[in-house]
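A.B. asks: below is the sequence, then the predicted model.
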Amino acid sequence: MAVDITAIAGQLESTLHPQKQRQAEAALRTEETKPGFSLALLQIVTTDSYPLATRQASALFFKNFIRRNWVNENGQHNLPQDEVATIKSELIGLMVRVPPRIQSLLGEAISVIADSDFWERWDTLVDDLVSRLTPDNAVVNNGVLQVAHSIFRRWEPLFRSDELYTEINHVLSKFAVPLLQLWQNTDNMITQNQGNAEVLKAHFATLDLILKLMYDLSTHDMAPQFEENLAAISGLLHKYLTYENLVLSGDDDEAGPLEVARADVFRVLVLYTKKYEEEFRSHLEQFIGSSWNMLTTIGPETKYDLVVSRALEFLTTVASIERHAQSFNNADVLGQVTEKVVIPNLSLRESDIELFEDEPIEFIRRDLEGSDEDTRRRAATSFLKKLMEQFEKPVTDVVMRYVDHFLAEYAKDRKANWKAKDTAVHLFSSIAAKGTSTAAKGVLSVNSNIDVLDFFQKNIAEDLTNADAEPLLKVDAIKYLYTFRSILSADQWQAAFPLLVQHLNSSNYVVYTYAAIAVDRALYLTNDQRQPIISRESIVPLSKDLLQHLFKLMQKDPKAEKVQENEFLMKCVMRVLIAIRDGVLPIIDTVCINLVNITKVIRHNPSNPGFCYYHFESIGALIRFAGPTHPENLEANLFPVFMEVLQGDVDDFTPYIFQLFAALVSLQPEGALSQNFQNLVGPILTPTMWDSKGNVPALTQLLRTMLPRGAEQIAAANQTEALLVIFQKLVSSKAYENYAMDLIETVVTTFPVTALDNYWLPMFQLMFTRLSNSKTENFELRFVRFYHLVSASVDRGLGADFFIAIADRVQENVFTPIYMNMILPSTQKLSRPSDRKTAVISFTRTLADSQAFAERYAKRGWTITCEALLKLLINPPLPHASDDAVIEDRDVDELGFGAAFTQLQTCKQATKDPWPEVQDVKAWVGTTLREADQRHAGRIGRFVGEKLDAQGQAALRSVMAG
């Protein structure tokens, strides 16, 4: 059925209205299955008669459609080849005709396409781009360069490889010289149009993209074409670092074309100074001087923030190079640097205070250590830290004079001069901390020339106890504890922690949020024995009021976007629940009701991925620690709201829900599944449920948890085949092969052997086909692991002989090459102790009781199996030690909706030992072989003498002797 462009445009327009959005998106997802849907979206994008908002919505949907549907897990195109070819040919021309906002969205789609197709399946792209460049048409050039940037920027985080460097060289050979020529042409056009603001802005947009591409093309190595023209490139970089033109000046808040260009120049300078200092050295001095002049004359307006932070980053890079750093090694120079560069950019401005008051959550995100935001304060701090690394004592002496000066200013008039104290605290913190601050523990090493704790007691602590202190000074005090949390002793934390908790009651958004951040990090601190610095016993009495207050802060504005605005509060809830563990039992109902209510609110409009992650981790913590004693209560309270989420098609939440379902099921490892979960079996065995990348790991986890209690019911309900259909779907994909094998391992260890009579043959055929047609090293190891699981499970009616019999049904004698060429060599590559243990048990039971190895493979099979076993026993696997005390933290900075899968750490199930009865592996092998020798009338002893060399005989007899 053909697509209806008018109808699609109408649905796209409806997505812009919150009341119609979900229904319209569902209709579009149905429409997207029709051939030509993607081309219809592009047609809407390019048609001027549609409103700009509709065209932007079409570009956004196109980008997401491409991300979902361009290729499958194996890298093959999902769309018809003619549609693929049309998209590639149309996109470049389209980019030069649409407005910048749409260009940006289409650029992201092009980047997705390039991930799979460039360059070998799209080898005409660079030639096409170069052919469209013009000497003077900025609009066309900007569209072309936007495409190039969206593709080439992918290189920076990638590791060096032959494939990557082949791609880069392909691009440079065709694109580097035209790019330099375009830069020269653009420079000429800027010179010719210095009084024409509109034309100038268009060419500065071109300059912005050229500088971004100079960076992209230089991230791995300096292009020969750039090295040959380094003097001319340096001249242009310096020109636009110092370029002035009043017609390009904008307001004080927004960075204009000049500021953007300068920031781009500094980004290239930082890269070239770090990576190519030897080649770039002769050109560097002019940039150092210009940077200094800029930093000492530039104003405090926010439009200069990015330029200033990049300039400071450049000087920080320069200061890290010994020969350049020496120019700072002088007390007078260090004084000038501190006074004229560091202090002005580290001190609070009116715009910072306005942000603190008007957009507190934005203030916090910018201010937090580790934020991606380029702020003046962070850049100035980094510069000072780098100087201190080089000249610790001189920098300390100089900076401490300024710290004392600002503290004295504060002491003169505490109300009027509170900003002076803020500057003093930040200066002191900058030189006090050494090394990198970690997310888990903060600063681990401090400057030996100053006393961090003494400074806290004399200058910081008062702002934690004084109710009338300026809110920003309270934030400074909390941040000081947060930053130096690992430096404080356990006794000092016992005194400081109640003060942090008290500040959660502040009426100031930033103060109570920073208190929540510090409480979270303090509760995560552990000593060398991995025991918490702040004991569970000291937290439990505070937990009821603490949690109730945090929930109240989050829900004081009931709108979905406001409830989930502050992820730091929810992270604190999560941390408290993890810290108190089963101390939550007296308040289980209060906690559960609040978490359920928040779920009901945010499911309508998920907007903050970090908040949602911590929210579901909090529910996971509640299930983990309260569940063992209240399984029915939690299921009764949580199951209905989880089903509402699933029925509401909240795609971003479904992987979390399935993980939490698995956690609920695991609370009762024995007995039949509850009726709720029995009713869930059918829906989760529907193949379409497994189409979403995010669902696969979560559904696999859920099924593996349900099968030990539900296998009998599934078999009785004739749902076994549906389970094997899921296995077939997963095992055909390289991306999902681990989940396929996890699932099938659980199936063969939970279903009675006879219940799988009709499925053993197709199961083996699927695996053998994968090994034959598209084997990966990982899949081979998973297959070997599966073999050992079956071979070791003699007590379940399986074993090596069972495996061989099924393999013969697939193809007569196919087992021999598989065993010789795959199972034996790859067994030694197994790394997990539980896998090696299974392999030991597998080999031992094969030697002990396999008729096939005693008769059919008597010539060599028994011998090589014994040799493989002895190799494993050189370092016998140790019993698995489970550590339930520590739940690992994770960084969620990269979280976003639409991510493939995010593991909930509170729901992460420990690796189980499949053979807990076998503790001393070597002793068990000896006992098993001795008993088998008696059962088989001395056969083992006879084989040892006949089939092993002297060394092998001695080794195995030693094992059998115990």
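C.D. replies: Everything's here; your move.

A.B. asks: avg pLDDT for stretch 469-477?
C.D. replies: Across stretch 469-477, pLDDT averages out at 97.

A.B. asks: buried ones in it?
C.D. replies: For stretch 469-477, the buried set under the neighbour-count rule, 16 or more other Cβ atoms under 10 Å, comprises Ala469, Glu470, Pro471, Leu472, Leu473, Lys474, Val475, Asp476, Ala477. To be clear about C-beta, it is placed using only N, CA and C from the backbone, and glycine gets the same treatment.

A.B. asks: give me the phi and psi for Gly442.
C.D. replies: With angles defined as degrees, to the nearest 10, Gly442 sits at phi 70, psi -140.

A.B. asks: that one touches Arg521, doesn't it?
C.D. replies: Yes: Gly442 lies in contact with Arg521 (Cβ atoms under 8 Å); the separation is 6.8 Å.

A.B. asks: re the thing from before, show only the entries of the buried residues of stretch 469-477 found in strands.
C.D. replies: Among the buried residues of stretch 469-477, no residue falls in strands (DSSP state E).

A.B. asks: can I get those residues in JSON lines with distance to Ala621?
C.D. replies: Formatted as JSON lines, the buried residues of stretch 469-477 follow (distance: Cβ to Cβ, whole Å):
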{"residue": "Ala469", "distance to Ala621": "34"}
{"residue": "Glu470", "distance to Ala621": "36"}
{"residue": "Pro471", "distance to Ala621": "31"}
{"residue": "Leu472", "distance to Ala621": "33"}
{"residue": "Leu473", "distance to Ala621": "34"}
{"residue": "Lys474", "distance to Ala621": "29"}
{"residue": "Val475", "distance to Ala621": "28"}
{"residue": "Asp476", "distance to Ala621": "31"}
{"residue": "Ala477", "distance to Ala621": "29"}
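
A.B. asks: now, which of these sits nearest Tyr514?
C.D. replies: Val475 (5.2 Å; Cβ to Cβ).

A.B. asks: any idea how far Ala420 is from that closest one?
C.D. replies: 16 Å (Cβ to Cβ, to the nearest Å).

A.B. asks: do the same with Gly583
C.D. replies: On the measure of Cβ to Cβ, Gly583 and Ala420 end up 44 Å apart.

A.B. asks: how about Asp451?
C.D. replies: 21 Å.

A.B. asks: for Asn676, same thing?
C.D. replies: Applying Cβ to Cβ, the value for Asn676 to Ala420 is 62 Å.

A.B. asks: and the two? Which one has more around it.
C.D. replies: Taking Asn676 and Ala420 together and counting by other Cβ atoms under 10 Å, Ala420 has the greater number of neighbours (21 against 16).

A.B. asks: next SSE downstream of the strand or helix carrying the more buried one?
C.D. replies: Using DSSP states H and E, Ala420 sits in helix 418-432. For helix 418-432, the succeeding helix or strand toward the C-terminus, using DSSP H and E, is strand 433-434.

A.B. asks: which strands or helices does that following strand pack on?
C.D. replies: Helices and strands touching strand 433-434, by 3 or more Cβ pairs under 8 Å, 6 or more residues apart in numbering; DSSP states H and E, are helix 376-390, strand 445-446.

A.B. asks: mind running it again at 6 Å?
C.D. replies: On a contact count with 3 or more Cβ pairs under 6 Å, 6 or more residues apart in numbering; DSSP states H and E, strand 433-434 meets no helix or strand.

A.B. asks: name every strand pairing with it and say which way it goes.
C.D. replies: The pairing partners recorded for strand 433-434 under DSSP bridges are strand 445-446 (antiparallel).

A.B. asks: who touches the strand it pairs with?
C.D. replies: By Cβ atoms under 6 Å, 6 or more residues apart in numbering, the residues outside strand 445-446 that reach it are Ala432, Lys434, Gly435, Val452.

A.B. asks: show the contacting residues for the second one.
C.D. replies: Right, Lys434. Ser445, Val446, Asn447.

A.B. asks: tabulate the residues you listed (JSON lines), appending pLDDT and neighbour count.
C.D. replies: Listed next are these as JSON lines, based on pLDDT from 0 to 100; neighbours: other Cβ atoms under 10 Å:
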{"residue": "Ser445", "pLDDT": "95", "neighbour count": "11"}
{"residue": "Val446", "pLDDT": "96", "neighbour count": "18"}
{"residue": "Asn447", "pLDDT": "96", "neighbour count": "19"}
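
A.B. asks: so can I have a markdown table of these showing distance to Glu644?
C.D. replies: Formatted as a markdown table, the contacts of Lys434 follow (distance: Cβ to Cβ, whole Å):
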| residue | distance to Glu644 |
| --- | --- |
| Ser445 | 50 |
| Val446 | 51 |
| Asn447 | 54 |
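
A.B. asks: and of those, the nearest to Trp155?
C.D. replies: Nearest to Trp155 out of the contacts of Lys434 is Ser445 (Cβ to Cβ; 34.5 Å).

A.B. asks: tell me the bridge partners for that closest one.
C.D. replies: If you apply DSSP bridges, the partners that Ser445 bridges to are Lys434.

A.B. asks: tell me where the model's unsure across this structure.
C.D. replies: 1, 369-373, 879-886, 888-900 (pLDDT under 70).

A.B. asks: what about 50?
C.D. replies: The chain contains residues with pLDDT under 50 at 893-894.

A.B. asks: ok, Ser791 - contacts?
C.D. replies: Here Ser791 is in contact with Ala800, Phe803, Ser842 (criterion: Cβ under 6 Å, 6+ apart).

A.B. asks: any idea how far the second one is from Asn74?
C.D. replies: Read it as Phe803. Phe803 is 28 Å from Asn74, by Cβ to Cβ.

A.B. asks: more neighbours, these two?
C.D. replies: For Phe803 versus Asn74, the count of surrounding residues by other Cβ under 10 Å is larger for Phe803: 27 against 10.

A.B. asks: for Ile44, what are its contacts?
C.D. replies: By Cβ under 6 Å, 6+ apart, Ile44 lies in contact with Ala9, Tyr50, Ser58.

A.B. asks: that one belongs to a helix?
C.D. replies: Yes: according to DSSP: H, G, I helix; E, B strand; the rest coil, Ile44 belongs to a helix.

A.B. asks: helix or strand: which one has the residue nearest to it when sequence neighbours are not counted?
C.D. replies: With Cβ to Cβ, 6 or more residues apart in numbering as the criterion, Ile44 has its nearest non-adjacent residue at 4.1 Å, and that residue is Ser58. For Ser58, the element it lies in under DSSP H and E is helix 52-69.

A.B. asks: okay, buried residues for the longest helix belonging to the chain please.
C.D. replies: For the chain, the helix with the greatest residue count under DSSP state H is helix 162-192. Residues of helix 162-192 classed as buried by neighbour count (16+ other Cβ under 10 Å): 167-168, 170-172, 175-180, 182-183, 185-187, 189-190.

A.B. asks: quick check: Val71 vs Asp117, distance?
C.D. replies: From Val71 to Asp117 the distance is 8 Å (Cβ to Cβ).

A.B. asks: next: Thr599.
C.D. replies: 40 Å.

A.B. asks: these two: who's more crowded?
C.D. replies: Applying other Cβ under 10 Å to Thr599 and Asp117 shows that Thr599 carries more neighbours, namely 22 against 19.

A.B. asks: in stretch 433-445, which residues are buried?
C.D. replies: For stretch 433-445, by 16+ other Cβ under 10 Å, it's Ala433, Lys434, Ser437, Gly442, Val443.

A.B. asks: which members of these are the farthest-apart pair?
C.D. replies: The widest separation within these (Cβ to Cβ) is 12.1 Å, between Lys434 and Gly442.

A.B. asks: now do stretch 821-841: everything it contacts.
C.D. replies: 780-781, 784-785, 787-789, 792, 868, 872, 877-878, 880, 913, 915, 921.
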